[in-house]
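A.B. asks: Everything below, folded, please.
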Amino acid sequence: MRRRIRLAPRVAVVALLLVGSATPARAQGYKVIVNASNPTTKLSRQEVAALFLKKTDRWSSGAAAQPIDLAEGVATRDVFSKQVLGKSLATVRAYWNQMVFSGRSVPPPFKPNDADIVAYVRSTPGAIGYVSAGAEVKDVKVLVVE
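C.D. replies: Numbers count the residues shown, from 1 in each chain. Purely as a prediction, here's the structure:
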């Protein structure tokens, strides 16, 4: 009995770590969505970041990736930038300024709200976007972000 009591805190800590690492994107304040025809069902956080920072411009199928961003000032964009891109919005802006100035790339287009993001993703085969956790995402696929 004494041994079980001593192990219980360790087991609880491990369980909390596992639950925390498997938290779906929805619980984090956003959902990553793709066109319903996209065969992808899950991506790592790094893969999503590479698509939005245009370090990767193709899906594994070879199709062109079409990221779409929310407009600055939308709270979901701040959360997504910090949690997925690993950068503040100011750092993301500086990144794109450098990419544009050097002629290497341009930032993804943006839409002002969740409904417009969903409409774009629904109508664009290679699209990937993100919306707030509570957004209605009819006729698009929600990805698991690991």
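
A.B. asks: how about the residue nearest the centre of the chain, what does it touch?
C.D. replies: Among the residues of the chain, the one closest to the centroid is Val32, at 4.7 Å (Cα atoms, centre = their mean). The contact partners of Val32, by Cβ atoms under 8 Å, 6 or more residues apart in numbering, come to Ala25, Leu43, Val48, Val84, Ile128, Gly129, Tyr130, Val142, Leu143, Val145. Where you see a C-beta, it was placed from the backbone N, CA and C, and this is true even at glycine.

A.B. asks: All the strands of this structure, residue numbers only.
C.D. replies: Assigned strands in the chain, in chain order: 30-35, 42-43, 66-67, 69-70, 110-111, 127-132, 140-145 (criterion: DSSP state E).

A.B. asks: Against which helices or strands is the second one packed?
C.D. replies: Translated: strand 42-43. Counting contacts by 3 or more Cβ pairs under 8 Å, 6 or more residues apart in numbering; DSSP states H and E, strand 42-43 packs against strand 140-145.

A.B. asks: Mind listing what's buried along the strand it packs on?
C.D. replies: Val140, Lys141, Val142, Leu143, Val145 (16 or more other Cβ atoms under 10 Å).
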